[in-house]
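Asker: here is a sequence together with a model predicted from it:
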Amino acid sequence: MNPDSKRANKGNILLVDDLLENLQLLSDSLLKLGYTVRSVTSGRMALKTIKVKQPDVILLDIKMPEMDGYEVCRILKADEDLRSIPVIFISALDDVFDKVTAFESGGIDYITKPFQMEEVVARLENQLTIQRQQRLLEQEITNRREAEEVLYQSRALLASVLNSSLDGVAAMQAVREPTTGDIEDFRCLVVNPVIARAFGSKREDLIGRLVLKQFLMEIQPELFDLLVNIVETGEPLQQDFHYESGESSWFHFVAVKLGDGFAITIRDITARKQAEFQLQQQAKDLEFTLRKLKRTQAQLIQSEKMSSIGNLVAGVAHEINNPVNFIHGNLAPATEYFQDLLYLIKLYQKHFPNPPEEIQAEIEAINLEFLQQDLLKLLNSMQIGSDRIQEIVMSLRNFSRHDEAELKQVDIHQGIDNTLMIIRNRLKATAEHPEIVVIKDYGQLPLVECYSSQLNQVFMSLINNAIDSLSEQFIGERPEIKIQTQFLEKNRILIKISDNGLGILEELQSKIFDPFFTTKTVGKGTGLGLFICHQIIVDKHGGNLYCCSTVGKGAEFAIEIPITGNSPST
């Protein structure tokens, strides 16, 4: 910084005196001290100079020709733009009257001639300091007024936004317990009309009050702890909550830390929630309709399938039954006829021990002795075979029960045995698995009133599933299927069909009774077997069908049905 700038910064002084000696003395001294000095010899020249550039302080003599210092000072103080310039009178007049007149004219200080330069400088510096402070104060006042205006405009804008907002807006300050510092409640600092309506009060009545905790305890107490956590951790929070307020019932809020409190914005989302609920209900209805359609489709498919199978089985059994009965019915008299013929041959041999040579040759050719022994054995084998065919035909007829659409009392054990007889070939040893052993553990069961053909269908499906599982892999030395029956309390029976296969994964067990769900490869399963079994047991017979399986320990299906036919649907 150069010396000229220092002088300019120290102060601009205007000297007014008609004596050049005084002007020279003051000017030289002040210039040396770093002041900027201008000098004039008359009042009129002083007024012109002041209007060109205002000084910081005026040193004004009183006795001057044409216009004295008093008049100059009065003119300055009468001017709105110049009245703030401080005027220090400097004069040889030392009467009290002169000094009083000087002050009444607007002067702020009075120096008597002859003067000491130190006194003049001290008086100047005092006024310059006062002037600087006054300017700073005026600037501070101006800044404050501007800030107040900005604040007022901001508050007006904020109030306009808050009052016109469709969302609820509030600011809360924490109220802490003095000894522990824990937050006991929150004081309302700012609330808009939406929040006020929610509290059922006026805005003016809420400002400064502790109402939040009591309000939250009535609707959702845990929200208070969540809001405390916002203040203590600084973590923002947003969530939905339910509160009945006129036609509104669902709200969404966003809360953020604000000082030792929080600011919160609350939006009415009742319409959105209602739309969501409607969509959810529609989705549930569609899902229910889809499940119903799947069940109906599965029932139609299975009904048609079982009707075709039933007709086929019944037809085959009928067609086989007639010729088998013919054969079976003629085996007994045929055996008797052959026995008579053999007895007659023995009589011929007894009475004619030496037959002609031609007859003897034929006897040896046909090995008559072996023929006599083997013929009856052959007839006995034919009898056994026809009995077996009759049993199979009877099992087919019993399994299909094509003529039994109503509830009838049947022997459950007979139905299971008939099913095992039909699928007996699947139990035999194959390239995929050794012979599957069936272990029966039958209890004492009464006759059960049921739809026998449908129940046989359940047995068939469950046993076939067990065979499929054992065909892939089994646990232990040999593949086994265990069938248990048991009489329960309340006139119900229990049938368990279990295997020692690999079992069913836990996440799949909740789906195995769904229509069209299958874990088998394409072409080996339709996904309808267990679904139809569940419908037959639960819907048709009013019972229960459970699956209990642990991977690596096999699977068990338990059927529980009442002894009397009290099914919910017929």
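Answerer: Looks like it arrived, so ask away.
Asker: quick one: low-confidence ranges for the stretch 51-200 of the chain?
Answerer: Applying pLDDT under 70 to the stretch 51-200 of the chain flags residues 159.
Asker: who's in contact with the residue positioned nearest the centre of the chain?
Answerer: The geometric centre of the chain, computed from its C-alpha atoms, lies nearest to residue 239 (CA atoms, centre = their mean), at 11.5 Å. Contacts were defined as CB atoms under 8 Å, 6 or more residues apart in numbering; by that measure residue 239 touches 226, 252, 253. For glycine as for every other residue, the C-beta is placed from the backbone atoms N, C-alpha and C.
Asker: if you rank those by neighbours, which is first?
Answerer: residue 253 (19 neighbours; other CB atoms under 10 Å).
Asker: give me the number of residues near residue 322?
Answerer: Per other CB under 10 Å, the neighbour tally for residue 322 reads 10.
Asker: same thing with the one 4 residues further on?
Answerer: Neighbourhood size, residue 326 [other CB under 10 Å]: 11.
Asker: just the element for it, please.
Answerer: Counting by DSSP states H and E, the element that carries residue 326 is helix 270-351.
Asker: where does pLDDT dip in the chain?
Answerer: For the chain, the stretches flagged by pLDDT under 70 are 1-9, 159, 295, 298-319, 321, 387-388, 390-406, 515-528, 565-570.
Asker: please parse it into its domains.
Answerer: In terms of domains, the chain is parsed into 3-140, 168-268, 274-383, 404-562 (source: automatic domain parsing).
Asker: including distance to residue 158, could the ones you listed go into JSON lines?
Answerer: Formatted as JSON lines, the entries for the domains of the chain read as follows, by distance: least, CB to CB, whole Å:
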{"stretch": "domain 3-140", "distance to residue 158": "25"}
{"stretch": "domain 168-268", "distance to residue 158": "8"}
{"stretch": "domain 274-383", "distance to residue 158": "32"}
{"stretch": "domain 404-562", "distance to residue 158": "56"}
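Asker: how about these, which one is nearest residue 157?
Answerer: Smallest distance to residue 157 across the domains of the chain (CB to CB): 13.4 Å, for domain 168-268.
Asker: sorry, back to before: Throw the contacts of residue 239 into JSON lines and include distance to residue 143, thanks.
Answerer: Compiled in JSON lines, those are given as follows (distance: CB to CB, whole Å):
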{"residue": "226", "distance to residue 143": "42"}
{"residue": "252", "distance to residue 143": "42"}
{"residue": "253", "distance to residue 143": "39"}
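Asker: list just the nearest of those to residue 274.
Answerer: Using CB to CB, the contacts of residue 239 come closest to residue 274 at residue 252, 13.8 Å.
Asker: not counting its neighbours along the chain, what's nearest residue 505?
Answerer: residue 551 (6.1 Å; CB to CB, 6 or more residues apart in numbering).
Asker: so the one you found sits in a strand?
Answerer: No: Residue 551: not assigned to a strand; according to DSSP: H, G, I helix; E, B strand; the rest coil it is coil.
Asker: and the gap between it and residue 469?
Answerer: Distance, residue 551 to residue 469, using CB to CB, to the nearest Å: 12 Å.
Asker: now swap in residue 441 and tell me
Answerer: Distance, residue 441 to residue 469, by CB to CB: 20 Å.
Asker: swap in residue 341?
Answerer: The gap separating residue 341 from residue 469 is 56 Å, by CB to CB.
Asker: which one's more surrounded, those two?
Answerer: Legend: neighbour count by other CB under 10 Å for residue 341 and residue 469, higher for residue 469 (22 against 12).
Asker: next SSE after the one helix or strand that one maps to?
Answerer: Secondary-structure assignment from DSSP H and E places residue 469 in helix 452-472. Taking DSSP H and E as the definition, the helix or strand that follows helix 452-472 towards the C-terminus is strand 480-488.
Asker: show me what that following strand is packed up against.
Answerer: helix 412-422, strand 437-441, helix 452-472, strand 492-499 (3 or more CB pairs under 8 Å, 6 or more residues apart in numbering; DSSP states H and E).
Asker: got these as JSON lines, with distance to residue 379 columns?
Answerer: Below are those laid out as JSON lines (distance: least, CB to CB, whole Å):
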{"stretch": "helix 412-422", "distance to residue 379": "25"}
{"stretch": "strand 437-441", "distance to residue 379": "32"}
{"stretch": "helix 452-472", "distance to residue 379": "35"}
{"stretch": "strand 492-499", "distance to residue 379": "41"}
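Asker: quick one: which of these is nearest residue 560?
Answerer: Proximity of the helices and strands packed on strand 480-488 to residue 560 was assessed by CB to CB; the nearest stretch is strand 492-499, lying at 5.3 Å.
Asker: which residues are in contact with the closest one?
Answerer: The contact list for strand 492-499 (CB under 8 Å, 6+ apart) reads 412, 416, 445, 448, 459, 462-463, 466, 469-470, 474, 479-488, 543, 554-563.
Asker: given that strand, what are its sheet partners and their directions?
Answerer: On the basis of DSSP bridges, the sheet neighbours of strand 492-499 come out as strand 480-488 (antiparallel), strand 555-562 (antiparallel).
Asker: out of the ones you listed, the one nearest residue 234 is which?
Answerer: Where those are weighed against each other on CB to CB, the nearest is strand 555-562, at 54.6 Å.
Asker: now the closest one against helix 452-472, angle please.
Answerer: 170 degrees (axes from the mean of the first three to the mean of the last three CA atoms, to 10 degrees).
Asker: hmm, back to that, of the strands paired with strand 492-499, flag the one that's most buried.
Answerer: strand 555-562 (a mean of 21; mean count of other CB atoms under 10 Å).
Asker: direction-wise, compare that strand with helix 412-422 and give the angle.
Answerer: With the same axes, to 10 degrees defining the directions, strand 555-562 sits at 140 degrees from helix 412-422.
Asker: just the CA atoms of stretch 112-126, as PDB, please.
Answerer: As requested, C-alpha coordinates have been extracted for stretch 112-126 and formatted as PDB (Å, rounded to 0.1, in the frame of the first residue of the first chain):
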ATOM      1  CA  THR A 112     -10.400  28.200  20.900                       C
ATOM      2  CA  LYS A 113      -7.500  30.100  19.200                       C
ATOM      3  CA  PRO A 114      -4.700  30.100  19.800                       C
ATOM      4  CA  PHE A 115      -4.800  26.300  19.500                       C
ATOM      5  CA  GLN A 116      -2.500  23.400  20.100                       C
ATOM      6  CA  MET A 117      -2.100  21.100  17.100                       C
ATOM      7  CA  GLU A 118      -2.400  18.000  19.300                       C
ATOM      8  CA  GLU A 119      -5.800  19.200  20.500                       C
ATOM      9  CA  VAL A 120      -7.000  19.800  17.000                       C
ATOM     10  CA  VAL A 121      -5.800  16.300  15.900                       C
ATOM     11  CA  ALA A 122      -7.400  14.700  18.900                       C
ATOM     12  CA  ARG A 123     -10.700  16.500  18.300                       C
ATOM     13  CA  LEU A 124     -10.500  15.500  14.600                       C
ATOM     14  CA  GLU A 125      -9.800  11.900  15.300                       C
ATOM     15  CA  ASN A 126     -12.600  11.800  17.800                       C
END
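Asker: other residues contacting it?
Answerer: Applying CB under 8 Å, 6+ apart, the contact partners of stretch 112-126 are 11, 13, 22, 26, 29-30, 33, 35, 57, 59, 88, 90-94, 109, 111.
Asker: one more time with 7 Å
Answerer: 11, 13, 29, 33, 57, 88, 90, 91, 92, 94, 109, 111 (CB atoms under 7 Å, 6 or more residues apart in numbering).
Asker: and the third one, what does it touch?
Answerer: Pointing back at residue 29 there. Listed by CB under 7 Å, 6+ apart, the contact partners of residue 29 are residue 117.
Asker: which element is it on?
Answerer: Assigned by DSSP H and E, residue 29 belongs to helix 20-32.
Asker: off-centre distance for that helix?
Answerer: Centroid displacement of helix 20-32 relative to its chain, using CA atoms, centre = their mean, to the nearest Å, is 90 Å.
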